[in-house]
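Visitor: fold the following for me, if possible:
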Amino acid sequence: MSKAKDDGVTVIDHPLVLHKLSIMRRKATSTSKFRQLLREISLLLGYEVTRDLPLAFETIETPLTHYDAPTIEGKKLCLIAILRAGDGLVQGILDLVPSARVGHIGLYRDPKTLQAVEYFFKVPDLADRLVIVVDPMLATGHTAVAAVSRLKKAGAQHIKFLCLLSAPEGIKCLRDAHPDVPVFTAAIDDHLNDHGYIVPGLGDAGDRLYGTK
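Guide: The predicted structure follows:
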């Protein structure tokens, strides 16, 4: 179940996604449980974000007859994780599409300016691939904008952005900068606080995923 909006944003509000997300929001949820739930949710989100993959037909032999079977057409899709928390979303999608290519882009948010600073970039060939950029949080949007801009310079032409939680400010920032990049999210929360965190949110996704705080 998903609700598409005219502004290029799709909210994936499947009951299982919302239930698991509610558990992740709880302050008392353990690191191991948070990690498990993120992997489970990412598989469900991946199902929606890949809904329009192009298909071709291949003749196969079933136990009874020959059959023109639908198969995914074109180059394998590519997942780009924004480090470090983006890796938590990659694993679940790989459970769904194990042949996908994976790249990483390292960006951190300057605590004073809230602008994204790149420190790592390693991706496969992006030409003619669907590129899905994954990061649990779309907060200010500066990191997402920087990541998409960098990927376009590297040759990506068909990009989608997938996140667990988003804020209206982040969605506007990304859509203003890259109106050709659709956003897929499990929830749009209320606002950002003075420190750029999503409210009500779930805290720092990286810290909760890796137990670093």
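
Visitor: wait, D135 sits on R84?
Guide: No: if you go by CB atoms under 8 Å, D135 and R84 don't touch, sitting 9.9 Å apart. (C-beta placed from N, C-alpha, C; glycine too.)

Visitor: just the strands in this structure please.
Guide: Using DSSP state E, the strands of the chain run over 3-4, 9-11, 55-61, 66-72, 78-83, 101-109, 116-122, 130-134, 137-138, 158-166, 183-188, 191-192, 198-199.

Visitor: when D135 and R84 are compared, which one has more neighbours?
Guide: Under the criterion of other CB atoms under 10 Å, the comparison of D135 against R84 puts D135 first, with 29 against 19.

Visitor: backbone dihedrals for the more buried one, please?
Guide: phi -160, psi 130 (degrees, to the nearest 10).

Visitor: leaving out the residues flanking it, which one is nearest to it?
Guide: Of all residues not flanking D135 in the chain, I82 sits nearest, at 4.1 Å (CB to CB, 6 or more residues apart in numbering).

Visitor: my read: the one you found touches A147, true?
Guide: Yes: between I82 and A147 there is a contact at 5.4 Å, judged by CB under 8 Å.

Visitor: overlap of the contact sets of these two?
Guide: 105, 107, 133, 135 (CB atoms under 8 Å, 6 or more residues apart in numbering).

Visitor: and the third one, how far from T143?
Guide: For V133, the distance to T143 equals 10 Å [CB to CB, to the nearest Å].

Visitor: cool, and the last one?
Guide: Distance from D135 to T143, counting by CB to CB: 7 Å.

Visitor: quick one: contacts of the longest helix belonging to the chain?
Guide: Determined from DSSP state H, the single longest helix within the chain is helix 31-49. Helix 31-49 is contacted by residues 2, 10, 12, 14, 16-17, 20-21, 23-24, 29, 88-93, 95-97, 132, 134, 136, 160, 162, 164, 184, 186, 205, 208-211 when judged by CB under 8 Å, 6+ apart.

Visitor: return the residue of the chain that is most distant from the centre.
Guide: L64 (40.3 Å; CA atoms, centre = their mean).

Visitor: about what we covered before: show the buried residues in the contacts of helix 31-49.
Guide: Among these, those scoring as buried are 2, 10, 12, 14, 17, 20-21, 24, 29, 88-93, 97, 132, 134, 136, 160, 162, 164, 184, 186, 205, 208-210 (criterion: 16 or more other CB atoms under 10 Å).

Visitor: just the ones in helices from those, please.
Guide: Those of the buried ones among the contacts of helix 31-49 lying in helices (DSSP H): 17, 20-21, 24, 88-93, 205, 208-210.

Visitor: how about those residues in JSON lines, adding pLDDT and distance to L38?
Guide: Below are these laid out as JSON lines (pLDDT from 0 to 100; distance: CB to CB, whole Å):
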{"residue": "V17", "pLDDT": "96", "distance to L38": "11"}
{"residue": "K20", "pLDDT": "97", "distance to L38": "9"}
{"residue": "L21", "pLDDT": "96", "distance to L38": "10"}
{"residue": "M24", "pLDDT": "96", "distance to L38": "7"}
{"residue": "G88", "pLDDT": "91", "distance to L38": "4"}
{"residue": "L89", "pLDDT": "94", "distance to L38": "7"}
{"residue": "V90", "pLDDT": "95", "distance to L38": "10"}
{"residue": "Q91", "pLDDT": "91", "distance to L38": "8"}
{"residue": "G92", "pLDDT": "92", "distance to L38": "7"}
{"residue": "I93", "pLDDT": "94", "distance to L38": "11"}
{"residue": "A205", "pLDDT": "91", "distance to L38": "8"}
{"residue": "R208", "pLDDT": "92", "distance to L38": "9"}
{"residue": "L209", "pLDDT": "92", "distance to L38": "6"}
{"residue": "Y210", "pLDDT": "92", "distance to L38": "11"}
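
Visitor: this completes my enquiry, with thanks.
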